[in-house]
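Asker: this one's structure only:
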């Protein structure tokens, strides 16, 4: 799952990291590379804590959704891909029928996004459920 991170530095060498989609998830590093690696670890630990406590992972938003946040002003923006899906439990197969035209649109979309059909459908279902439940 990809998360937007924002890095800040007072001295141009040491970085603090904020993960806007995971309130309270922060990290730091003595170099840009260290900060990004530290952010990945912080995200994984934060997600583990959320799910372990019965919570849910907030759906990551587009970086543009956070651009007007004054706390993130002047930061360096990056995407960090963290494999948190293993916390979701085992996958289950089930029969699924989708109209051909809709499947064609999905396939066209994923061709440009680098996702699989499965990734797309899981992400779409998660987004719809979060929107419905207000999480």
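Answerer: Sure thing, it's come through. Predicted, not measured: the structure shown is a model, and the values here were computed from it.
Asker: Run through the residues that contact residue 76.
Answerer: 6-9, 15, 32 (Cβ atoms under 8 Å, 6 or more residues apart in numbering). Every residue, glycine included, has its C-beta placed from N, CA and C.
Asker: mind checking how far it is from residue 39?
Answerer: 12 Å (Cβ to Cβ, to the nearest Å).
Asker: Can you pull the domain assignment for this structure?
Answerer: What automatic domain parsing lists as the domains of the chain is 1-88, 90-135.
Asker: by contact count, what packs against the lowest-mean-pLDDT helix or strand in the chain?
Answerer: Counting by mean pLDDT, DSSP states H and E, the chain has its least confident helix or strand at helix 117-133, which shows a mean of 78. With contacts taken as 3 or more Cβ pairs under 8 Å, 6 or more residues apart in numbering; DSSP states H and E, helix 117-133 sits against helix 100-113.
Asker: Flag every buried residue along the helix it packs on.
Answerer: 106, 110 (16 or more other Cβ atoms under 10 Å).
Asker: just checking, what packs against it?
Answerer: helix 117-133.
Asker: For the helix it packs on, what is the distance to the chain centroid?
Answerer: 13 Å (Cα atoms, centre = their mean, to the nearest Å).
Asker: where's the residue of the chain most remote from its centre relative to residue 119, distance?
Answerer: Residue farthest from the centre of the chain, counting by Cα atoms, centre = their mean, is residue 100 at 29.6 Å. Going from residue 100 to residue 119 by Cβ to Cβ gives 20 Å.
Asker: try residue 111
Answerer: In terms of Cβ to Cβ, residue 111 sits 13 Å off from residue 119.
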